[in-house]
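>>> need the 3D shape of this:
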Amino acid sequence: MTTSENTALVVNFYTHAFNDGRPEEAAAAALGETYIQHNPGAPDGPAAFVGYVQSVRERFPEVRVEIMRTIAEGDLVVTHSRFTLGPADRGRAVADIWRIEGGKIVEHWDVIQEIPEQAANANTMF
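Sure, this is the predicted structure:
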């Protein structure tokens, strides 16, 4: 797959799972049989991903992922996103790294940072 195809796969997967509330469909279409998770709070595997999204959406039905930018090289796609649990939530800045193999997402890393009420500078996190 090309880097553009890899990027489209990741963006469609991420937004379909969280924003559309269809993690089962998203996982079936995009995740490989093996899905290695590097977030220490999340187990490996597509079923674990689906369960996680379902749990988040049950508690926070207005959860949103707004992908601000993507970077792709070879089999890796990076998304830089604003992740909010609802309209009143300032949210989190999230950098996700996704590895694609054979047209499927097979590995994931993330770095998550709370968006503070006040910053030490006038720059945004996005």
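>>> can you pull the pLDDT of G41?
For G41, the pLDDT comes out at 87.
>>> quick one: contacts for M68?
H80, S81, R82, F126 (Cβ atoms under 8 Å, 6 or more residues apart in numbering). For the C-beta atoms, the positions are set from N, CA and C on the backbone; glycine is no exception.
>>> repeat that for 10 Å
Applying Cβ atoms under 10 Å, 6 or more residues apart in numbering, we find M68 in contact with T79, H80, S81, R82, A93, V94, T124, M125, F126.
>>> try L76
T3, N6, V10, I97, W98, R99, I100, E107, W109.
>>> just the strands from this protein, written as ranges.
31-37, 64-73, 76-84, 92-101, 104-114 (DSSP state E).
>>> tell me which residues in the shortest one are buried?
Of the residues in strand 31-37, L31, G32, Y35, Q37 count as buried by neighbour count, 16 or more other Cβ atoms under 10 Å.
>>> and those residues, which two are furthest apart?
G32 and Q37 (12.2 Å; Cβ to Cβ).
>>> any shared contact partners between those two?
E107.
>>> ok, now how distant is the most centrally placed residue in the chain from A120?
Relative to the mean C-alpha position of the chain, the nearest C-alpha, by Cα atoms, centre = their mean, is the one of Y14, at 4.9 Å. The spacing between Y14 and A120, counted by Cβ to Cβ, to the nearest Å, is 30 Å.
>>> re earlier: pLDDT added to the contacts of L76, as JSON lines?
Formatted as JSON lines, the contacts of L76 follow (pLDDT from 0 to 100):
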{"residue": "T3", "pLDDT": "96"}
{"residue": "N6", "pLDDT": "98"}
{"residue": "V10", "pLDDT": "98"}
{"residue": "I97", "pLDDT": "98"}
{"residue": "W98", "pLDDT": "98"}
{"residue": "R99", "pLDDT": "98"}
{"residue": "I100", "pLDDT": "98"}
{"residue": "E107", "pLDDT": "98"}
{"residue": "W109", "pLDDT": "98"}
